[in-house]
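Student: Can you look at this prediction? I've put the sequence above it.
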Amino acid sequence: MTASDTTGRLPGKDRAWRLGREVLLHLAIMAAVLGAAELILRTIDLRELRDSYEPGRALLFRHDAELGWAPIPNASTTFTGTRTVAVRNNSLGLRDVEPAGAGKPTVLFVGDSFVWGYDVEANDRFTELLRAELPAARIVNAGVPGYGTDQEYLLLARLWRAVNPDVVVLMFCTGNDRSDNSANMRNGGYYKPYLARAADGAWHFAGQPVPWSRHVYFRDNALVRHLWLARAAVTGFVQLAHREIEVPDPTERLVDMMREMVEARGAKFLVGLQYHEPRLEEFLRTRGIASTAFDGAPTYPSDGFHWTPEGHAVVMQRLKRLLAAAGTIEPNPAK
């Protein structure tokens, strides 16, 4: 008899072979299950697992620990919203011409995708139209898609020394800026800073450093970029680790903070509103802030209802009147 006949145990080589076969079988089953899960995830194409909320965003913007996301200097690509347009950033990361015209009074516009020019070519935007109407001024477009007033405040502080504006115009998106200002997450899961009020009444920026959104992992980590199972795992981790936070709407305080910063640095502060909002307009009147609204400016019928080229022309005319009435920039007498 062999040892296995008397003890009921297989010889060493046989036991090792059986163990190895069982391990390989389990690995094969796991691989098949994971492969099937990967195929299912790719087939159902969950929006949360796609590369980005907006085509072209990853090529134009990157994570920023202070702002949430920021435009990439000198980046260029096409961007598709309702229609596809060309986008080229300057050395400051702004979708604008290179800063020039030193010595001219400078008008800096801050805002979101309406200022940036979503769905229109750069030459069709109100800022480019204003350059022809106000040749004595230097016009700077500092719009960034998705920004709330909180991010615009922080961006303005960052750009100030490079631009040194004489006039700052906050372009307020009545449609969504209040909701943008009241949360730490917007636009399909991108994290952002937010203004919060402490128990003692003091205001401070919270949510900084801004955590990575799932989209940043999708772009910057090779495993997550190529494996949808990894995307699902990262999405679950990010949502558990960084919960969505909402705070009472701080919009009026943010506008006042921007006014205080601008006026403390010797510049003029004005506001343009996507359309009339009595609550904010009453606040602006109490602070002596001149403003205008753009009701009736033509828009595209979907994807944010951004201004068409004709809409930008209407916006330009109302801004020109606002600047003239505020005594800041003289219009071209030939116009």
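Tutor: Everything's here; your move.

Student: residue boundaries of the helices in this protein?
Tutor: For the chain, the helices defined by DSSP state H cover 3-7, 12-44, 57-60, 113-116, 126-133, 149-163, 177-181, 214-220, 222-226, 228-241, 251-264, 278-287, 309-325.

Student: average model confidence for the third one?
Tutor: Looking back up the chat, that one is helix 57-60. Here helix 57-60 scores 79 as its mean pLDDT.

Student: Going by contacts, tell me the helices and strands next to it.
Tutor: Helix 57-60 sits against strand 76-80, helix 214-220, with contacts defined as 3 or more C-beta pairs under 8 Å, 6 or more residues apart in numbering; DSSP states H and E. C-beta coordinates here come from the backbone N, C-alpha and C atoms, glycine included.

Student: hey, least reliable of those by pLDDT?
Tutor: helix 214-220 (a mean of 87).

Student: buried stuff in that one?
Tutor: Arg214, His215, Val216, Tyr217, Phe218, Arg219 (16 or more other C-beta atoms under 10 Å).

Student: cool, and stretch 80-89?
Tutor: So stretch 80-89, judged by 16+ other C-beta under 10 Å, has buried residues Gly81, Thr82, Val85, Val87, Asn89.

Student: related to what we said a few turns ago, would you turn the helices of the chain into a markdown table with distance to Val169?
Tutor: A markdown table is the format used below for the helices of the chain (distance: least, C-beta to C-beta, whole Å):
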| stretch | distance to Val169 |
| --- | --- |
| helix 3-7 | 89 |
| helix 12-44 | 45 |
| helix 57-60 | 23 |
| helix 113-116 | 9 |
| helix 126-133 | 10 |
| helix 149-163 | 11 |
| helix 177-181 | 14 |
| helix 214-220 | 30 |
| helix 222-226 | 39 |
| helix 228-241 | 36 |
| helix 251-264 | 10 |
| helix 278-287 | 13 |
| helix 309-325 | 7 |
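
Student: Among the ones you listed, show me which one is buried the most.
Tutor: When you average the neighbours per residue for each of the helices of the chain (mean count of other C-beta atoms under 10 Å), helix 113-116 leads with a mean of 26.

Student: Quick one: mean pLDDT over stretch 292-300.
Tutor: For stretch 292-300, mean pLDDT rounds to 98.

Student: Could you tell me the end-to-end distance of that stretch?
Tutor: Chord length of stretch 292-300, first to last residue, is 21 Å (C-alpha to C-alpha, to the nearest Å).

Student: So which residues make contact with that stretch?
Tutor: The contact list for stretch 292-300, computed with C-beta atoms under 8 Å, 6 or more residues apart in numbering, reads 82-83, 119, 271-277, 281, 305-308, 310-312, 314-315, 318-319, 321-322.
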